[in-house]
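# any chance you could fold what I've pasted below:
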Amino acid sequence: MVIRSVRCRNIRSKIVVYRLFREGPEQHLGEIMDTIEIVPIRDEHVESFHRALDTVARERRYLSFLEAAPVEATRAFVRDNIDNGFPQVVALSENDVVGWCDVMRKARPVHAHVGVLGMGLLPDFRGQGLGSRLIGRALDAAKEFGFHCVELSVRADNSNTIALYRKTGFELEGRLRNGVYVDDAYSDLMLMGILLRRA
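Modelled structure (predicted):
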């Protein structure tokens, strides 16, 4: 598999993913090219974003909820992000949302300099470098927005995602023991953060 990134007009990142496959009895190698765009979320992405969100939530392993809120609540969430300029980017494959990354401001004034990162990718699009690129775009937007630091939480048994966050600059800041309870089992939560600006 080969992944290339090119810069496009309107400051969109375009990720071109080539997947090698075997075809026919002679097992010749060919290439399938899928073009994935990373763009700021827009109103027309809401329904597709909602489907992606619900798919990842129902895996019961990655998000802090087990199914997506109703589509109208998701629409209100997206509209609020757009209206307030909060960073939220989506990865599009043939106009369908296949991944997202957002940075939300904490509610209390004393924490308003802190953003909280949330992200997800549909299963078929994991392990191809797309997560790193989504996070990179979201962190760039978070810095431009004015956030001083960004934090997140991730289940301790989710080693692949922890490695992804470390790769993109996040550091371990703490551990919440038994922070999650799903399907009759407790899991610890790892708290991670990144400073976008030094004090």
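
# quick check on the residue most central in space within the chain: phi, psi?
Taking Cα atoms, centre = their mean as the criterion, Met119 is the residue nearest the geometric centre of the chain, at 2.6 Å. Dihedral angles of Met119 (phi, psi; degrees, to the nearest 10) stand at phi -160, psi 170.

# burial count for Glu94?
Other residues within reach of Glu94, judged by other Cβ atoms under 10 Å, total 9. In short, each C-beta sits where N, CA and C put it, glycine included.

# residues contacting it?
For Glu94, no residue counts as a contact, taking Cβ atoms under 8 Å, 6 or more residues apart in numbering as the criterion.

# with the one 5 residues further on instead?
With contacts taken as Cβ under 8 Å, 6+ apart, Gly99 has the following neighbours: 52, 90-91, 119-122, 125, 130-131, 134.

# identify the bridge partners of it.
In this entry, Gly99 is beta-bridged to Ala91, Leu121, by DSSP bridges.

# the chain should start at 34 in everything you say after this.
I'll keep to 34 as the first residue from here, and by that count the last item is Gly132.

# helices or strands up against the longest helix along the chain?
When every helix of the chain is counted residue by residue (DSSP state H), the longest turns out to be helix 163-178. Packing contacts for helix 163-178, counted by 3 or more Cβ pairs under 8 Å, 6 or more residues apart in numbering; DSSP states H and E, involve strand 46-56, strand 61-73, strand 121-126, strand 129-138, strand 147-154, helix 192-200.

# so which bits of that helix are buried?
Buried residues in helix 163-178, counting neighbours by 16 or more other Cβ atoms under 10 Å, are found at 163-164, 166-172, 174-176.

# and for stretch 102-116?
Residues of stretch 102-116 classed as buried under the neighbour-count rule (16+ other Cβ under 10 Å) are 107-108, 110-111, 114.

# tabulate these in TSV, adding columns for secondary structure, distance to Arg188 and pLDDT.
Supplementary listing: the buried residues of stretch 102-116 in TSV, determined by DSSP: H, G, I helix; E, B strand; the rest coil; distance: Cβ to Cβ, whole Å; pLDDT from 0 to 100:
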residue	secondary structure	distance to Arg188	pLDDT
Thr107	helix	23	98
Arg108	helix	28	98
Phe110	helix	23	97
Val111	helix	25	98
Asn114	helix	25	96
